[in-house]
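S.K.: Got a sequence here, can you build the structure:
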Amino acid sequence: MRSIRKVVVLGANGAMGSGSGAVFAAAGIPTVFLARTLEKAEAGKARAEQLTKGKASANISCGTYVSDLGHALRDADLVLEAVSEDPQVKRDIFGMIDRMRAPDTIVATVSSGLSIAGLCGSLSKEFRSNFLGMHLFNPPTVILGCELIPHRETDPGVVAVAREFLQSVAGREVVETADTPGFAGNRLGFKVLNEVAQLAEEHGVAFMDQLVGPHTGRSLSPLATIDLVGWDVHKAIVDNLWATTYDTAHDQFRLPAYMQRGIDRGHLGRKTRDKGGFFRIEGKGADAKHFVLDPASGDYRPLAEASPRMPTFVESMKSAIRAGDHLGAMEVMCTAEGKEADLLRRIMLGYISYGLGLVGEVVARPRDIDRIMGFGFNWAPPSVLVDAIGPARTITLLERAKLPIPSCILDGAAHHRALFNEPTVDRARFFSAAA
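M.R.: The predicted model follows:
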């Protein structure tokens, strides 16, 4: 069986390139960092060294596309492309690789949602059979989830080699997905993120981010997550999903107009600290001042003044979680009354319905959706929520909300069987009472 003993990373100066390369190098794999200039490649190496506390240093060498690509490809087992998320830029890079690569070199893209088949359609048959998507989640040195995306011409043996390498050498939690828009994680995750961003226009940024906070089963609240990802990256992902998917979630992929106005003014989230995104911080440390966006005006208000009074059921959910009772927190969510509770249930039920509804189209099993959301997004997997609510009650709530009922929930209710079957995973770890 083929094995991967040397990796070449293209776009090694970027966050995904340097982070992915850091994972491989820290695992003992000789890894070549390539960028347009040697200075950029070396900057990527420095970032990788920082991320791994020096563990990757000895296994990283640097070079440029012009001077070193041909030599680096000569004995490369895996080439990982991590250049900008622009299809034509990627195709140009793949054209160069196709002319220089060894016959059995595997080529992978870290694209977070572009068509894998579409990126290699004009290249040689040999290239296409050795090409697939390898979507590591950012930052790769922290997040273990990884999507492996073959297209219709990918050699099954290549998929097996890549999966073995990612699992056994790189320590990834690998989920195989179909070559569909956004794959599995981003299609579900950004459906929820963008839906909350849409609702923030009516209900306010601070309110929505506190309503759908860590107590609902996520490591970071939704709008703070978009700020971390970057508004420009968020736009690229949801615009692609809006243009290429036509299912029950289509409306949730429309970028809010106020976000486009913010992007046009250079407000991209944490990467533009002076301008901010949904939130903005002025100063540092104890003297830092926190502000929150008003979507209607585009202005920022002090967060302390804009923070709304949350409904009592939210604090009840947090209290249950602080007591180690995430089941009790879900009970509160299901039984709470009022428009705020209805709003939260609408979001959570939409996550369950859409996520498990992707089984059969995007992934083979409910377990695949669960694992990529748990290990890729650090969100409570949909099946964990169904088990906490109860399959029969989940069906009743989905019917009331007029949402599709995935077959695995019907099966769970019919056989009185839990959906989430991961004995080594602590379900409670996905829930936090943090503000």
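S.K.: mind listing the strands for the stretch 201-350 of the chain?
M.R.: Taking DSSP state E, counting those that start in this stretch, the strands of the stretch 201-350 of the chain run over residues 279-282, 289-293, 300-302.
S.K.: What pairs with the shortest one, parallel or antiparallel?
M.R.: The strands that strand 300-302 pairs with in its sheet are strand 289-293 (antiparallel) (by DSSP bridges).
S.K.: Mind listing residues that contact the partner strand?
M.R.: Strand 289-293 has contacts (CB atoms under 8 Å, 6 or more residues apart in numbering) with 205-206, 262, 276-283, 299-304, 306-307. C-beta coordinates here come from the backbone N, C-alpha and C atoms, glycine included.
S.K.: Which PyMOL command selects the buried ones in the residues you listed?
M.R.: Burial among the contacts of strand 289-293 is assessed by 16 or more other CB atoms under 10 Å; the matching PyMOL selection reads:
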select buried, resi 205+206+262+276+277+278+279+280+300+303+306+307
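S.K.: How far does the helix or strand of the chain with the lowest mean pLDDT sit from its chain's centre?
M.R.: Lowest on mean pLDDT, DSSP states H and E among the helices and strands of the chain sits helix 303-306, with a mean of 86. Distance of helix 303-306 from its chain centroid, counting by CA atoms, centre = their mean, to the nearest Å, is 29 Å.
S.K.: what's it in contact with?
M.R.: Identification of contacts with helix 303-306 by CB under 8 Å, 6+ apart yields 204-206, 279, 290-292, 294.
S.K.: if we go to 6 Å?
M.R.: Applying CB atoms under 6 Å, 6 or more residues apart in numbering, the external contacts of helix 303-306 come out as 206, 290-292.
S.K.: How about stretch 159-168?
M.R.: Contacts of stretch 159-168 (CB under 6 Å, 6+ apart): 2, 4, 146, 148, 150, 172, 174.
S.K.: buried residues in stretch 215-228?
M.R.: Neighbour-count burial for stretch 215-228, counted by 16+ other CB under 10 Å, picks out 215-227.
S.K.: Revised request: answer the last question for stretch 202-210.
M.R.: Buried residues in stretch 202-210, defined by neighbour count with 16+ other CB under 10 Å: 203-210.
S.K.: Can you pull out the low-pLDDT segments for the protein?
M.R.: Under the criterion pLDDT under 70, the flagged ranges of the chain are 1, 435.
S.K.: Backbone dihedrals for Asp104, both of them.
M.R.: Note on Asp104: backbone dihedrals following degrees, to the nearest 10 are phi -110, psi 20.
S.K.: Give me the buried entries from the contacts of stretch 159-168.
M.R.: With neighbours counted using 16+ other CB under 10 Å, those contain these buried positions: 4, 146, 148, 150, 172, 174.
S.K.: re the thing from before, tell me the one among the buried residues of stretch 202-210 nearest to Ala413.
M.R.: Taking CB to CB as the measure, Ala413 sits nearest to Met208 out of the buried residues of stretch 202-210, at 30.9 Å.
S.K.: doesn't Cys146 make contact with Arg172?
M.R.: Yes. Applying CB atoms under 6 Å as the test, Arg172 and Cys146 come out as touching, 4.0 Å apart.
S.K.: can you list the contacts of helix 303-306 in CSV and add distance to Phe94?
M.R.: Listed next are these as CSV, based on distance: CB to CB, whole Å:
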residue, distance to Phe94
Ala206, 44
His290, 44
Phe291, 43
Val292, 43
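S.K.: Filter those down to the buried ones, ChimeraX style.
M.R.: Listed next is the ChimeraX selection for buried residues among the contacts of helix 303-306, using 16+ other CB under 10 Å:
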select :206,290,291,292
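S.K.: Just the CA trace of stretch 58-72, in CSV.
M.R.: Written as CSV, here are the backbone C-alpha positions of stretch 58-72 (Å, rounded to 0.1, in the frame of the first residue of the first chain):
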residue,chain,number,x,y,z
ALA,A,58,13.3,20.2,12.0
ASN,A,59,10.9,18.8,9.3
ILE,A,60,10.2,22.1,7.4
SER,A,61,12.1,23.4,4.4
CYS,A,62,11.2,26.5,2.4
GLY,A,63,11.1,27.5,-1.2
THR,A,64,9.3,29.4,-4.0
TYR,A,65,7.1,28.3,-6.8
VAL,A,66,9.4,29.6,-9.5
SER,A,67,12.7,28.2,-8.1
ASP,A,68,11.7,25.1,-6.2
LEU,A,69,8.3,23.6,-7.3
GLY,A,70,9.7,21.2,-9.8
HIS,A,71,12.4,19.8,-7.5
ALA,A,72,10.0,19.6,-4.6
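S.K.: thinking again about what came up before, between the buried residues of stretch 215-228, which is nearest Ala414?
M.R.: Scanning the buried residues of stretch 215-228 for proximity to Ala414, where the rule is CB to CB, the winner is Gly217, at 25.2 Å.
S.K.: Could you check how far the closest residue to that closest one other than its chain neighbours is from Lys275?
M.R.: Closest residue to Gly217 apart from its sequence neighbours, by CB to CB, 6 or more residues apart in numbering: Ala380 at 2.8 Å. As judged by CB to CB, to the nearest Å, Ala380 and Lys275 stand 32 Å apart.
S.K.: Give me the more crowded residue out of those two.
M.R.: Shown here are Ala380 and Lys275; by other CB atoms under 10 Å, Ala380 has more neighbours (27 against 14).
S.K.: isn't that one right up against Phe430?
M.R.: Yes. When contacts are counted by CB under 6 Å, Ala380 is listed as touching Phe430 (3.8 Å).
S.K.: what touches both of these two?
M.R.: Gly217.
S.K.: just curious, which of the contacts of stretch 159-168 is nearest to Thr244?
M.R.: Proximity of the contacts of stretch 159-168 to Thr244 (CB to CB) peaks at Pro150, which lies at 18.6 Å.
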